[in-house]
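Q: Sequence first, then the predicted structure:
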Amino acid sequence: MAKAEKKEGIFETVKTVVYALLIAGIFRTLFFQPFWIPSGSMKDTLLVGDFLFVNKMAYGYSQYSCPFAMCTFIDGRWFGSQPERGDVVVFRHPVTGSDFIKRLIGLPGDRVQVRDGVLFINGEEAPQEPAGEFIETFEQQGPIGNLPQCANQGVGIGGDCVKERFIETLPGTDVSHDILNIRNSRLDNTDVYTVPAGHFFFMGDNRDNSTDSRVSPNAMGVGFVPFENLIGRADRVIFSSAGRSMLFFWTWRGDRFFEEIV
């Protein structure tokens, strides 16, 4: 009798674990996708080593977020709200298929241009307000081990890596967010980009360290991103680690746990 009860107990435990894994897998497939921040293109909104869940239902399912590719589309959508200017979005690169995360700047039909480092949308300036400096340690960051880019060139390992910080407000919205400036770059002055129907224009908040819609896919950039490539909206940082591994608990950034993304 004891043997039978022991067997039954083991079976129940295994069954519970299997059910839990199935539920977690379905939850991930249907609703959220985990995403680690691998690079500094969205500093200081998102830091290397931030971990977040992407809301796959935010805009309706696409070919990249639809569970099991079984969604029924109506005008390219299943359900969800329209993407809005200022959203931080994870999307599939139109050429390479890699997952990217950037801020949505231009909607279909918008005219986007950068002049002397200042963003203009449909001819209207996105005002920038000085907000001090963003300072981080000049050291290898994240599993990849990239070094940050600094406005103060020549800083040594362990020194302060400094960037200018501004608060930018996007035209026609109440969305204000930090952007960083490192240097005068070729992307500080661009042509006018007219966003095609069904496409979107994305930029990184770390403006001089972001290969985004300002750069053609032919030059390893993002270009215009079609709606069907959107995976979902990033709303909140769940966990953050400054170290090479999430197991290095002494590098965890507790102040960023569950922080809202704006």
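A: Yep, it's here. Numbers count the residues shown, from 1 in each chain.
Q: what about Ser186, how many neighbours?
A: No Ser there; residue 186 is Arg. Counted with other CB atoms under 10 Å, residues neighbouring Arg186 total 9. The C-beta positions use only the backbone N, C-alpha and C, and glycine is treated the same way.
Q: what about the helices in the stretch 1-150 of the chain?
A: In the stretch 1-150 of the chain, helices defined by DSSP state H, counting those that start in this stretch lie at 2-30, listed in chain order.
Q: Strands of that one, start to end?
A: For the stretch 1-150 of the chain, the strands defined by DSSP state E, counting those that start in this stretch occupy 32-36, 50-55, 88-92, 99-106, 111-115, 118-121, 124-125, 128-137.
Q: Quick one: list the elements packing against the fourth one.
A: Strand 99-106 makes packing contacts with strand 88-92, strand 118-121, strand 199-203 when contacts are defined by 3 or more CB pairs under 8 Å, 6 or more residues apart in numbering; DSSP states H and E.
Q: Which per-residue confidence value corresponds to the most centrally placed residue in the chain?
A: In the chain, the residue lying closest to the centroid (CA atoms, centre = their mean) is Ile101, at 2.8 Å. We have a pLDDT of 96 for Ile101.
Q: beta partners for it?
A: Val90 (DSSP bridges).
Q: That one: what's it in contact with?
A: 35, 37, 42, 46, 88-91, 234 (CB atoms under 8 Å, 6 or more residues apart in numbering).
Q: And the residue nearest to Arg214 when sequence neighbours are not counted, how close does it get to Arg165?
A: In space, and not counting its chain neighbours, Arg214 is closest to Leu187: 5.0 Å by CB to CB, 6 or more residues apart in numbering. Distance, Leu187 to Arg165, by CB to CB, to the nearest Å: 18 Å.
Q: now swap in Pro171 and tell me
A: 20 Å.
Q: now Val90
A: For Val90, the distance to Arg165 - CB to CB - is 24 Å.
Q: And Asp255, by the same measure?
A: Distance from Asp255 to Arg165, by CB to CB: 18 Å.
Q: Of the two, which one has the most company?
A: Higher neighbour count among Asp255 and Arg165: Arg165, with 20 against 7, using other CB under 10 Å.
Q: Do I have it right that that one meets Lys43?
A: No - if you go by CB atoms under 8 Å, Arg165 and Lys43 don't touch, sitting 9.5 Å apart.
Q: Need the residues touching each of these two.
A: 134, 180.
Q: Quickly list what the closest residue to Asp44 other than its chain neighbours is bridged to.
A: Distance criterion CB to CB, 6+ apart; nearest residue to Asp44, sequence neighbours excluded, is Phe134 at 4.9 Å. Assessed by DSSP bridges, Phe134 has beta-bridge partners Lys163.
Q: Got the confidence number for Phe134?
A: At Phe134, pLDDT is 97.
Q: Isn't it up against Lys43?
A: Yes - with contact defined as CB under 8 Å, Phe134 reaches Lys43; the gap is 6.8 Å.
Q: Which neighbours do these two have in common?
A: 163, 180.
Q: if you count what's nearby, which of these two comes out ahead?
A: Lys43 (24 against 19).
Q: nearest spatial neighbour of that one, skipping sequence neighbours?
A: Asn206 (4.4 Å).
Q: repeat for Pro108
A: Going by CB to CB, 6+ apart, Pro108 has Ala197 as its nearest residue, at 5.0 Å.
Q: before we move on, what about Val114?
A: Per CB to CB, 6+ apart, closest to Val114 is Thr190, 4.7 Å.
Q: dump the residue contacts of that neighbour.
A: Going by CB under 8 Å, 6+ apart, Thr190 touches 113-114, 214.
Q: Out of those residues, which is nearest to Gln141?
A: Among the contacts of Thr190, Arg214 lies closest to Gln141 (CB to CB), at 23.6 Å.
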